[in-house]
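>>> I would like the atomic coordinates for the input below:
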Amino acid sequence: QVQLVESGGGLVQPGGSLRLSCTASGFTMEYYAVGWFRQAPGKPRVGVACSRYSDESTYYADSAKGRFTLSRDSAKNTVYLQMNSLKPDDTAVYYCAAEDPRINEVDAMCTWGMEFWGKGTLVTVSS
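Numbering: from 1, shown residues only. Below is the predicted model of the structure:
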C-alpha cells in the first residue's frame with residue numbers, strides 16, 4: 001500500500017525557516033518522481049517544487065526559486081523541502097506527492113499534480 005506522510009509544519013515568523021519531511025512506505029521513492037504542492041485558504045493547490053529523477057534538475061515554481069530546496073534521502077525513503085526566508089504568503093497546507101517518472105515531464109507534473117498524495121502538513125507564517 002502506497003503511503004506518504006508529511007511532517008515538519010508549524011508556526012514560524014516571517015523570515016524564518018522550516019524543513020518539511022515526507023516519508024514513503026509501500027514503494028521506493030528513489031525511483032519515483034516526487035513533488036511538493038501547497039494550498040492556501042480559498043486558493044487551488046499549486047506545485048512548489050518537483051523532481052522527476054534525482055540526477056535531473058528540480059523544477060521550482062517562481063514563488064519558491066531561491067528560497068526553497070527539494071532534496072531526497074534514499075536511505076530514509078524520505079523527501080525534504082527546506083524553506084527559507086518565509087513570508088506570510090507561504091502560509092498553506094503543504095502536500096507531498098509521487099508518481100511514475102515516465103508519465104510526464106517534470107514541469108507538467110508540477111502543474112497538473114501527481115498520482116499519490118499525502119494528507120498534508122500546515123505551515124503558518126505569522127508574527
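>>> Please work out which helix or strand belonging to the chain has the smallest mean pLDDT.
Ranked by mean pLDDT, DSSP states H and E, the weakest helix or strand in the chain is helix 106-112, scoring a mean of 92.
>>> ok, the helix or strand following that helix: who's next to it in the sheet?
Counting by DSSP states H and E, the element after helix 106-112 in chain order, helix or strand, is strand 116-117. In the sheet, strand 116-117 lines up against strand 92-99 (antiparallel) (DSSP bridges).
>>> The least confident helix or strand of the chain packs against which elements?
Helix 106-112 sits against strand 33-39, strand 46-51, strand 59-60, with contacts defined as 3 or more Cβ pairs under 8 Å, 6 or more residues apart in numbering; DSSP states H and E. (C-beta placed from N, C-alpha, C; glycine too.)
>>> Enumerate the positions of the longest one that are buried.
By that I understand strand 33-39. Neighbour-count burial for strand 33-39, counted by 16 or more other Cβ atoms under 10 Å, picks out A33, V34, G35, W36, F37, R38.
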